[in-house]
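>>> sequence plus predicted model, see below.
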Amino acid sequence: MINILFLCHGNICRSPMAEFVMKHLVRQTGKENEFYIASAAVSREEIGSDTHHGTRKKLREMGIPFTPRAAVQVTPSDYDRYDYILLMDASNMRNIKRIIPNDPQNKIKLLLEYANRSGEDIADPWYTGNFDETYDDVLAGCTGLLKTIK
């Protein structure tokens with residue numbers, strides 16, 4: 001089983017978008033039983049909140065199924081549970097180090113590293129309002145990740 005955790009600030013925009021996009025991509029390969037894919041926040045601000053309406057709208061537009069969910073925060077024990085811990089931006093990277101200070105297995109990376117865009121951030125549509133751009137970046141990262149795993 002390949003375990004993937006996507007992280008963003010509040011777990012309502014980018015990380016659930018990545019979770020549902022990755023689940024969709026994996027389902028298209030017929031290997032959904034080989035993966036466990038989830039998302040979480042590095043902060044506590046949105047704990048319990050469902051996916052942002054802008055993310056849900058964009059997923060609907062792209063024909064990507066999603067389910068109701070409640071935002072959760074990443075925990076130190078998640079390091080042992082997941083093979084890949086993928087963040088959306090440099091701010092998330094700084095925050096994760098407070099929760100998971102050590103990464104001896106090199107599991108923690110920015111998602112866009114898998115799109116050959118090392119060091120690049122996925123913009124937070126909570127602030128930009130641009131869910132299209134965020135979706136394009138999330139799709140590029142998830143597609144690259146899947147190619148790496150295959």
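Received, thanks. Residues are numbered from 1 along each chain as shown.

>>> C-alpha only now, for contacts and for neighbours.
OK.

>>> nearest residue to residue 100 other than its sequence neighbours?
For residue 100, ignoring the flanking residues on the chain, the nearest one in space by CA to CA, 6 or more residues apart in numbering is residue 76 at 5.3 Å.

>>> correction: residue 38
Per CA to CA, 6+ apart, closest to residue 38 is residue 5, 5.0 Å.

>>> that neighbour - how many residues pack around it?
By other CA atoms under 10 Å, 24 other residues sit near residue 5.

>>> ditto for residue 54
18.

>>> name all residues that make contact with it.
Contacts here follow CA atoms under 8 Å, 6 or more residues apart in numbering; on that basis residue 54 touches 13, 131.

>>> so how far is the helix or strand harbouring it from its chain's centroid?
Assigned by DSSP states H and E, residue 54 belongs to helix 53-61. Its chain's C-alpha centre and that of helix 53-61 lie 15 Å apart, by CA atoms, centre = their mean, to the nearest Å.

>>> quick check: mean pLDDT of it?
In this model, helix 53-61 carries a mean pLDDT of 98.

>>> export the following helix or strand past it to CSV, keeping only CA atoms.
Going down the chain from helix 53-61, the next helix or strand is helix 78-81, by DSSP H and E. Provided in CSV are the C-alpha atoms of helix 78-81 (Å, rounded to 0.1, in the frame of the first residue of the first chain):
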residue,chain,number,x,y,z
ASP,A,78,1.6,10.7,10.5
TYR,A,79,5.3,10.6,9.6
ASP,A,80,5.3,6.9,10.2
ARG,A,81,2.0,6.3,8.5
